[in-house]
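Participant: have a look; sequence and predicted model below, questions after that.
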Amino acid sequence: MSPTVIEVQHGTVAYDGRPVLRDVSVAVTAGEVVAVLGANGSGKSTLIRTILGLTPLTGGAVRLFGTPVRRFRQWRRIGYVPQRIGAGSGVPATVAEVVASGRLARRGVLRPARAADREAVAAALHAVGLTDRAGDPVATLSGGQQQRTLIARALAGQPELLVLDEPTAGVDAASQQAFADALRGFVDGGGTVLLVAHELGPLAPLISRAVVVHHGEIAHDGAVPSPAGHHAEPGHDHVHPHAPSDSSRMWSA
Ligand SMILES: Nc1ncnc2c1ncn2[C@@H]1O[C@H](COP(=O)(O)OP(=O)(O)OP(=O)(O)O)[C@@H](O)[C@H]1O
């Protein structure tokens, strides 16, 4: 059996006494690609942040690679791409510089880049289809290309687990496909993925399991549910950054 990469047992999180995750239990084993689905505000990002130890548990336990998250220190094994902060963040760095920053945890800030670092950066840029934009300032890229830059940054660190919060929300179709291709390469190399999504689009064939969060609880854990309502229409593939407030309208769990 594959080793367990992520394990949440009876996880509870509250903000200011208000429960946002209630008794959540979920596990991800090596090689899986798990999608976390659900409406805005259902608790998806909180679940991701809790798994990474960024938001404290008020009850229950989280283990990463078998270690309780508060004692986990092997962060280079994990690549994390947070929810998009949006275009125009004003960062003057080039695409290649941003991607190279994903190597820092491996080589240390003060050590010069070695061939292995340069190769990892080049491979990550290639994986997301941005090789020809390597020297361009990130600010000159489209939102989807900026998102791909952040994904390349995570890939450059050669993690075992990739955690992505809405990697394709509001991203153009070409970038969605480039991202799906990059993810397939990562998974074929033995990687494990946990990603938050509103709609799966080109990612759908990659997903091995779906976890639907509804009002802070796991409403479904298993096969990818078929989109409900108008989302079931053939050819429906556009992205909804703002989902309906009731996740049951989106995903028939
Ligand atoms: N730092 C915080 N302090 C207080 N409340 C918060 C905080 N972060 C999130 N919340 C609240 O917790 C609930 C769950 O938020 P969360 O971001 O986890 O949902 P989500 O499913 O990821 O939504 P979205 O799709 O909009 O990102 C929401 O009601 C949100 O307002």
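Facilitator: Sure thing, it's come through.
Participant: residues touching residue 197, list them.
Facilitator: Taking C-beta atoms under 8 Å, 6 or more residues apart in numbering, we find residue 197 in contact with 35-37, 166-169, 203. C-betas here are computed from N, CA, C, even on glycine.
Participant: of those residues, closest to the ligand?
Facilitator: Distance ranking of those against the ligand, using C-beta to the nearest ligand atom, places residue 166 first at 6.8 Å.
Participant: reduced to three states, what does residue 167 come out as?
Facilitator: Taking DSSP: H, G, I helix; E, B strand; the rest coil as the rule, one finds residue 167 in the coil state.
Participant: my guess is residue 121 contacts residue 98. True?
Facilitator: No: under the criterion of C-beta atoms under 8 Å, residue 121 lies out of contact with residue 98, with a separation of 9.8 Å.
Participant: anything in contact with each of those two?
Facilitator: Where contact means C-beta under 8 Å, 6+ apart, the residues bridging residue 121 and residue 98 through contact with each are residue 152.
Participant: out of these two, which sits in the busier spot?
Facilitator: Neighbours per residue (other C-beta atoms under 10 Å) separate residue 121 from residue 98, with residue 121 holding more: 25 against 19.
Participant: the more buried one belongs to a helix?
Facilitator: Yes: when classified by three-state DSSP, residue 121 is found to be part of a helix.
Participant: measure it to the ligand for me?
Facilitator: As judged by C-beta to the nearest ligand atom, to the nearest Å, residue 121 and the ligand stand 30 Å apart.
Participant: would you mind measuring from residue 147 to the ligand?
Facilitator: Here residue 147 is placed at a distance of 15 Å from the ligand (C-beta to the nearest ligand atom).
Participant: how about the strands of this structure, start to end?
Facilitator: 4-15, 18-29, 33-37, 59-64, 67-68, 78-81, 161-165, 192-196, 209-214, 217-222 (DSSP state E).
Participant: CSV for these, including mean neighbour count?
Facilitator: Formatted as CSV, the entries for the strands of the chain read as follows, by neighbours: other C-beta atoms under 10 Å:
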stretch, mean neighbour count
strand 4-15, 18
strand 18-29, 18
strand 33-37, 23
strand 59-64, 18
strand 67-68, 12
strand 78-81, 22
strand 161-165, 23
strand 192-196, 24
strand 209-214, 21
strand 217-222, 16
